[in-house]
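Q: Provide a 3D model corresponding to the input given below.
(2 chains)
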Amino acid sequence: MMNSSRRNDGRNVRRLFLVTVLVIAIFVADIMSGGVLRGFARGASTTVWITGSRFISAIADIGFFSSRRALMDENKVIQQELEKLKIESAEINVLREDVIALRALVHLGERYAGITVPVSSVANSPYGTFVIAAGTEDGIAAGYLVLAGAYDSSFVIGRVSESAKHHSLVTEIFAPRAHIEILIRGAPFTLEGRGGGNARIEVPASFEVETGDPVFAPGLGGLSVGSVGYIHEVRSEAYKNIFIRNIMPISSFRFVYVISNEK
Amino acid sequence: MIFVPWITLIIMSVSAFRYTAWEVLLIGLYADFVWLPAVPISFPLFTVASMIMVWGFEPLRRKFLIGKGGLL
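A: Residues are numbered from 1 along each chain as shown, chains lettered A, B, ... in the order given. Now for the predicted structure:
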């Protein structure tokens, strides 16, 4: 065993005796010298103490002696901070998107008297309707036009069909089975809504039209309602179908601009 | 930490518990040198304690521990 050398044999007793004598001798010598030896001892211990303290502090600073519990607590706090930052980041992103959406409507305020209203329901419902967060309290009434804008352009996307105190129901211009009078290249036609921001008109095969041509609605203040998206033409037929679409998908709007029908 | 007095006493006690550890004497002397002022001459508590641990308890240690082959 490793402790076999520590058996209480005579050799160990002699060693103990010698060390005892040595200790007494050192102690007496120190007293005789006025504490010179203990001065050395203190100097050495001070050096060791300072070095050890720095070493322990350095290790403690890197968390080597942190307990598992302390690390778990710290980890929990950091995770909470991370969640908080994620939420703040998401809020900032929402605000940024709102600013972009509102900035796109700024020019509408310069042209028409109206109010900017947030869309409060999923736009583009199966009925071709959506809800906006403003109503009669905000001066909105049935028949008002709902506009969307993309910086320098604006277009009508719907009309207020019902208005309550704090919210209104908007029916899209291109709602299924909706019919409105429009102008393409100055020629009047009747548009048939197909829902989903799409509509169709039937024009004579000889009518010159191109994809991207703007579509205006005289009954809606002469404002644009969309553009030509696709032309379906069969040579043997006297008519061709023109498919109209919103300039931008309605589901992408976070805010709309509401004006009276009289502008 | 080792320079805290009561920790030094614990170390001395543990070291001298089973065997006649002569190192305890040096530890006691060192502790007195560090903490005991040279003037005026005072009672060297740690040194005396170390001597009691290694010499004074030696009969007990011999009788109950070492004399029977220790704890092992």
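
Q: Can you tell me the closest non-neighbouring residue to B:Pro44?
A: B:Asp32 (4.4 Å; CB to CB, 6 or more residues apart in numbering or on different chains). All C-beta spots, glycine's among them, are computed from the backbone N, C-alpha and C.

Q: and the host helix or strand of that neighbour, what other elements does it pack with?
A: Element membership for B:Asp32 (DSSP states H and E) is helix B:23-35. If contacts are counted by 3 or more CB pairs under 8 Å, 6 or more residues apart in numbering or on different chains; DSSP states H and E, helix B:23-35 sits against helix A:10-32, helix A:36-61, helix B:5-16, helix B:45-51.

Q: Pick the most buried one from these.
A: When these are scored by mean count of other CB atoms under 10 Å in any protein chain shown, the highest mean neighbour count falls to helix B:45-51 (a mean of 21).

Q: could you check whether that one is close to chain A?
A: Yes. Contact between helix B:45-51 and chain A, assessed by CB under 8 Å from any CB of the partner chain, occurs at B:47, B:50-51.

Q: What is that helix packed up against?
A: Helix B:45-51 sits against helix A:10-32, helix B:5-16, helix B:23-35, with contacts defined as 3+ CB pairs under 8 Å, 6+ apart.

Q: what's the distance between A:Glu81 and A:Glu74?
A: The gap separating A:Glu81 from A:Glu74 is 11 Å, by CB to CB, to the nearest Å.

Q: For the residue of chain B found nearest chain A, which residues are in contact?
A: Nearest residue of chain B to chain A, counting by CB to the nearest CB: B:Ala38, 2.6 Å away. Applying CB atoms under 8 Å, 6 or more residues apart in numbering or on different chains, one finds that B:Ala38 lies in contact with A:30-31, A:34-35, A:38.

Q: tell me which residues form a beta bridge with the nearest residue to A:Gly219 once chain neighbours are set aside?
A: Spatial nearest neighbour of A:Gly219, chain neighbours left out: A:Glu181 (5.4 Å); criterion: CB to CB, 6+ apart. The partner list for A:Glu181 in beta bridges (DSSP bridges) reads A:Thr190.

Q: what does A:Ser224 give?
A: Bridge pairing for A:Ser224 - DSSP bridges - gives A:Phe216.

Q: my guess is A:Arg254 contacts A:Ser120, does it?
A: No. Taking CB atoms under 8 Å as the definition, A:Arg254 is not a contact partner of A:Ser120, at 10.1 Å.

Q: for stretch A:193-212, which positions count as buried?
A: A:193-199, A:201-203, A:207, A:209 (16 or more other CB atoms under 10 Å in any protein chain shown).

Q: quick one: contacts of it?
A: A:124, A:126, A:128, A:172-180, A:182, A:184-185, A:187, A:189-192, A:226-231, A:233, A:235, A:237-246, A:249-250.

Q: Wait, a helix at A:Leu147?
A: No. Going by DSSP: H, G, I helix; E, B strand; the rest coil, the assignment for A:Leu147 is strand, not a helix.

Q: Can you report how many residues lie near the closest residue to chain B within the stretch 1-150 of chain A?
A: Per CB to the nearest CB, A:Gly35 is where the stretch 1-150 of chain A lies closest to chain B, at 2.6 Å. Using other CB atoms under 10 Å in any protein chain shown, A:Gly35 is surrounded by 18 other residues.

Q: Quick check: closest non-adjacent residue to it.
A: A:Gly35 sits nearest to B:Ala38 (CB to CB, 6+ apart), 2.6 Å away.

Q: which SS state does the one you found fall under?
A: coil.

Q: Distance check, it against A:Ser227.
A: 102 Å.

Q: Would you map the strands across chain A?
A: Applying DSSP state E to chain A gives strands spanning A:114-118, A:129-132, A:145-150, A:153-163, A:168-172, A:179-184, A:187-195, A:198-204, A:214-217, A:223-232, A:239-245, A:255-259.

Q: Including mean pLDDT, could the ones you listed go into a markdown table?
A: Shown next, in a markdown table, are the strands of chain A (pLDDT from 0 to 100):
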| stretch | mean pLDDT |
| --- | --- |
| strand A:114-118 | 85 |
| strand A:129-132 | 84 |
| strand A:145-150 | 84 |
| strand A:153-163 | 85 |
| strand A:168-172 | 85 |
| strand A:179-184 | 90 |
| strand A:187-195 | 89 |
| strand A:198-204 | 90 |
| strand A:214-217 | 89 |
| strand A:223-232 | 89 |
| strand A:239-245 | 91 |
| strand A:255-259 | 89 |
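
Q: List the residue ranges of chain B that fall below the pLDDT cut-off.
A: For chain B, the stretches flagged by pLDDT under 70 are B:1-4, B:39, B:65-72.

Q: show me the contacts for the closest residue in space to A:Val256 that isn't next to it in sequence.
A: Leaving out its chain neighbours, the residue that sits closest to A:Val256 by CB to CB, 6+ apart is A:Val146, at 5.0 Å. By CB under 8 Å, 6+ apart, the contact set of A:Val146 is A:132, A:156-160, A:170, A:256-258.
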